Each structure stands twice: as structure tokens, then as C-alpha cells.
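# Attaching a predicted model along with its sequence, questions to come.
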Amino acid sequence: MTRTPIIEMLENIGKTPIRFAMPGHKGRGGAAHDITELPGADNLYSPEGAIARAEELCAQEFGAARAMMSVCGSTACVLAMMGYFPRGSKIIMARDFHLSAKNGIDIFGIKPVFVEVETALGALQQTVSAEAFEKAISEHPDAAAVYLTYPNPYGMCADVERIARAAHEAGMTVLVDSAHGAHFGVAGLPKTAGELGADIWSVSFHKTLPALNQAAVLFCSENADGERLKASLRRVTTTSPSYPILASIDYARAWKAQKGEAEYAKLISIIEEAKLNEIEGVTRLATDDPTRIVLDVRKKGGGAFVEEELFKRGIAIESSDAANIVLITAPADTAEDFAALKAALNELPMAPIDIPEAKLVLSGGGAGESVFAYPPGIPIALSKAHMSEEEREYIALLKKWGYNIIGD
Ligand SMILES: Cc1ncc(COP(=O)(O)O)c(C=O)c1O
């Protein structure tokens, strides 16, 4: 039986009846386990007890030298990756990064070298090309690190293994934002970023594993300096960590270790049996992560329309774009849920729309507030103050197509 040290600790300390301490709810009204650093509760800033033991188990399960829990999502982990390097360090970065990476560049004075990635209206977000990355590595031998997103929010995977090999040959540290890949590594799913050669990588447990929102873990291999990374994570973390979130990381790690293989095999077969491709007017697009479902619904009125119609019928999805809806699936989704989705999509009348061909090469830009569509949060323009004409036009088009644009 896999241990869950934080849950076991909370079961004990959560019984403390009188608390002249934070939080102000005093553990009453069902919040018994939401404690502060009471005696025996350990301390996320410098763990030595239950949190340290849970992190060791997490590192073992995910094949890392060290695991560091984050109660501030992968956002904090990505910032910590940037803050790991001295100010002015050069990092070669695939430009399809999440806005947290852009914020990290600004906050920690990183000198980025961008490897361009194309984005297109109503299309699967593609990943960086390994050739382009290798070229950047050979042109910038003074870079301290490379930075990649794997997988992207559409479940597409860059060739981390090949890029990591080139980076290591050049003596660079390999950083991977694997926020959407916490479930990777079990049979039938892509390998984890660590297995492919990442030195430092982060995963959002809350996105795909049974964990509370904001639950994430920052990992490193023997190649990285764990103490320096931990110090960097401390600089971007709340001083009031949520124990329920920590407990949910502990739970999800034990769940993955014990049941991950069986549960994901079941999920993959439920998805296959749902035959979502057999719905008239709906095309399931091929993704590298078989649990990330992207359905082209342009014949049914487009992504935003279908998202709204599904929600009216009690079905929420992760996101939509002009043509597609994107579903994050997990073993907690049942065959009945997929049947309900299929019935709702079948019910929607055919209403084809024409989506104009529009593309933008995500490229450079200055410091400051970025402009992005959320979800998925990939900056379209890196600097609101210095937007190019192409960026301005593309953002206007996205707005017209119902994207939720933030920062413009
Ligand atoms: C690729 C990517 N990286 C990082 C993040 C940030 O993760 P979190 O929400 O866990 O802070 C997200 C969130 O959507 C993301 O899509």
C-alpha cells in the first residue's frame, strides 16, 4: 500500500479543537484540515517531516531526483525555472509558451532567444520544430538553457528527446513546462518530460490528475541543483500554503502509482468506444495525447457556438477556438458522460461556417504586459506597448471570432 504522509498527518493534526492561529475559520464549518504550520505539520518552505516524505514518494513515482510541491500551480514552477538562473542569462525558448514564462522573463531579467512557432485561426496549435531548435542551439552556444512546452494545451507533443539531446551536447540545462502532462508515463500515453531528458520540469496535477485546483509539482533530475531550485521556488510561493492542496497532491500521486495504468487503459477504451468521429458534422482531430480530445465542429456552428450550446445542456468543456472544442478528459469521466456529449452534439443542427485562413508566426517582442487569448494563455503579442501590425490585426480577428482576449 502506497503511503500518503500528508493525508496521514492531517488526519491527526486536523483534530486540534482550539486554534488561536490562522486561518480565521479556526477549522470549523468543515474546514478542519485547512491548517497553518501547526506543530508536526511540517513547512513547505523547508520540509523535513510529512511534506518531505510525500515529496520523496512523488519524486520516486515520477522518476525524478527531487520533487517540490507547489500550491500556486505550474505558474509558480515556471517562474521558479526562470529564477533559477542569474539575471541576464540567455535561454532559448519555444515561443508557444504560457504567459507565466513571459512573466518569468520580465521578472528575472532573462535574455530570451525565441524559436518561432506558427499559430492559425481555428487550427490545432502546432509545436516547435526540432530543426529550428537545433539551429538556435548552434547559433547561441552561450545560452544557459532551453525551454519547451510539452505537451501543448491541444495535446500536441514537441520532440523533447531530440531537442534535449542537442541541448545537453551543448552543455545547456533542459527546462520543460509539462503543465498538461501530469498523467503521462503510463502505458498508452506519451513519456514524461523527465523520461525524455528534461533536467527541470513542472506538471499541473490539477489539470489531469484527481487533485485540487492549483496543485502542481516541480521536478528536477540529478543534473540540476535541487537546493538552488527550491530557493527559487520559495521566492515565488505564498507563505500560507494550502494543506488541502498539498494533501491532494499526495492523494493523486498515490492514486497514479496504484491505479494509473488500469484507470488510463479504461479511459482510453471508453474514449475509443464513444466513437466521437461518427457524429455527423464533427471530426475528431489526431492528437499525440489520446486523452486530449479536439473536435472540429465548424459544420455545427463553430467552437464558441458549440461550447455555449453544450453548456446550456449541462456539459462544460475546457476551451474552444473558431473551429474546435477542446476537452480535457480523465478517468473520472464516465462512459455515460461521453454518451451525453455525443447525444448533445448529435442534437445540434448542421450549421456550417466558413473560417478565413489566418496565421501568425509567434515571435519576439519587448518586456511588459502581454496580450493573450485565455484559454490557452499563449501570448500572441509579448508586449502590449510594442505590438506589430500583424499582431494587432490577428488579435482583432480573434476577438471577432469570440476569443477571450486579455491584456489588450
Ligand atoms: C502550458 C501551460 N503552462 C503553465 C500553465 C500554468 O499552470 P497553472 O494553472 O497550474 O498555474 C498553464 C495553464 O493553463 C498552461 O496551459
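Here it is on my side, so go on.

# from here on, contacts and neighbour counts on C-alpha atoms
OK.

# Local confidence estimate at Phe205?
In the prediction, the pLDDT value recorded for Phe205 is 98.

# try Met1
Looking at Met1, its pLDDT reads 50.

# If you tally nearby residues, what's the number for Ile405?
18 (other Cα atoms under 10 Å).

# separation between the residue nearest to it when sequence neighbours are not counted and Gly29?
Excluding its sequence neighbours, the residue lying closest to Ile405 (Cα to Cα, 6 or more residues apart in numbering) is Ala373, at 4.4 Å. From Ala373 across to Gly29, the span is 38 Å (Cα to Cα, to the nearest Å).

# Between these two, tell me which one has more neighbours.
In this view Ala373 and Gly29 are compared by other Cα under 10 Å, and Ala373 has more residues nearby, 20 against 7.

# Verify the contact between that one and Tyr394 for me.
No - between Ala373 and Tyr394 there is no contact under Cα atoms under 8 Å: 11.1 Å.

# follow-up on the earlier one: next, work out how far apart the residue nearest to Ile405 and Ala130 are.
Applying Cα to Cα, the value for Ala373 to Ala130 is 25 Å.

# My reading is that Leu218 lies in a strand. Confirm?
Yes - when DSSP: H, G, I helix; E, B strand; the rest coil is applied, Leu218 is found to be in a strand.

# quick one, what contacts it?
Ala67, Met68, Met69, Ser70, Ser74, Cys77, Ile200, Trp201, Ser202, Val203 (Cα atoms under 8 Å, 6 or more residues apart in numbering).

# contact partners of the helix or strand containing Ala52?
Per DSSP states H and E: Ala52 is located in helix 50-61. Outside helix 50-61, the residues within contact range by Cα under 8 Å, 6+ apart are 4-6, 9, 41-44, 65-69, 219, 250, 253, 257.

# The same query, at a cut-off of 7 Å, please.
With contacts defined as Cα atoms under 7 Å, 6 or more residues apart in numbering, helix 50-61 is touched by 4-6, 9, 42, 44, 65-69, 250, 253, 257.

# Then stretch 29-46?
Residues from elsewhere that reach stretch 29-46 (Cα under 7 Å, 6+ apart): 9-10, 14-15, 22-23, 27, 48-51, 234, 242-244.

# Residue numbers of this protein in contact with the ligand?
Counting by Cα under 6 Å from any ligand atom, the chain comes close to the ligand at Gly73, Ser74, Thr75, His98, Asn152, Pro153, Asp177, Ala179, Ser204, Gln214, Pro376.

# picking up where we left off before, if you average pLDDT over the helix holding Ala52, what comes out?
98.

# how far off strand 216-220 does that helix point, in degrees?
60 degrees (axes from the mean of the first three to the mean of the last three Cα atoms, to 10 degrees).

# Kindly format the C-alpha coordinates of helix 50-61 as PDB.
Only the C-alpha atoms of helix 50-61 are listed here, as PDB (Å, rounded to 0.1, in the frame of the first residue of the first chain):
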ATOM      1  CA  ALA A  50       5.400  14.700   6.300                       C
ATOM      2  CA  ILE A  51       5.800  17.100   3.300                       C
ATOM      3  CA  ALA A  52       9.400  15.900   2.800                       C
ATOM      4  CA  ARG A  53       8.400  12.300   2.900                       C
ATOM      5  CA  ALA A  54       5.500  13.000   0.500                       C
ATOM      6  CA  GLU A  55       7.800  14.800  -1.900                       C
ATOM      7  CA  GLU A  56      10.300  11.800  -1.800                       C
ATOM      8  CA  LEU A  57       7.500   9.500  -2.800                       C
ATOM      9  CA  CYS A  58       6.400  11.800  -5.500                       C
ATOM     10  CA  ALA A  59      10.000  12.000  -6.900                       C
ATOM     11  CA  GLN A  60      10.200   8.200  -6.900                       C
ATOM     12  CA  GLU A  61       6.800   7.800  -8.700                       C
END
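
# and the helix or strand containing Asp250, what does it pack onto?
According to DSSP H and E, Asp250 maps onto helix 243-274. Contacts defined by 3 or more Cα pairs under 7 Å, 6 or more residues apart in numbering; DSSP states H and E place helix 243-274 against helix 5-13, helix 50-61, helix 335-347.

# what's the angle from the shortest one to helix 50-61?
Relative orientation of helix 5-13 with respect to helix 50-61: 160 degrees, computed using the same axes, to 10 degrees.

# same deal with the last one?
Going by the same axes, to 10 degrees, helix 335-347 is angled at 70 degrees with respect to helix 50-61.

# Report the inter-axis angle for helix 335-347 versus helix 243-274.
Computed by the same axes, to 10 degrees, the angle between helix 335-347 and helix 243-274 is 60 degrees.

# just the second one next, same as before
Between the axes of helix 50-61 and helix 243-274, defined by the same axes, to 10 degrees, the angle is 30 degrees.

# after helix 50-61, next one along is what?
Defined by DSSP H and E, the subsequent element after helix 50-61 is strand 66-70.

# That next one: how far from the chain's middle?
Relative to its parent chain, strand 66-70 has a centroid offset of 15 Å by Cα atoms, centre = their mean, to the nearest Å.

# From the contact counts, what lies against the helix or strand just after that strand?
Toward the C-terminus, strand 66-70 is succeeded by helix 73-83 as the next helix or strand (DSSP H and E). With contacts defined as 3+ Cα pairs under 7 Å, 6+ apart, the packing partners of helix 73-83 are helix 99-107, strand 200-204, strand 216-220, helix 226-234.

# Run through the neighbouring helices and strands of the last one.
Put plainly, it is helix 226-234. If you count contacts as 3+ Cα pairs under 7 Å, 6+ apart, helix 226-234 packs onto helix 73-83.

# what's the angle between the helix it packs on and strand 200-204?
Per the same axes, to 10 degrees, the angle that helix 73-83 makes with strand 200-204 is 160 degrees.

# what mean pLDDT does helix 73-83 have?
The model assigns helix 73-83 a mean pLDDT of 98.

# ok, now stretch 342-360?
The model assigns stretch 342-360 a mean pLDDT of 97.

# and that stretch, which residues are buried?
Neighbour-count burial for stretch 342-360, counted by 16 or more other Cα atoms under 10 Å, picks out Lys342, Ala344, Leu345, Asn346, Met350, Leu360.

# Ramachandran angles for the closest residue in space to the last one that isn't next to it in sequence?
Of all residues beyond its chain neighbours, the one nearest Leu360 is Thr119 (5.4 Å), with distances taken as Cα to Cα, 6+ apart. According to degrees, to the nearest 10, the main-chain angles of Thr119 amount to phi -130, psi 150.

# Noted, bye for now.
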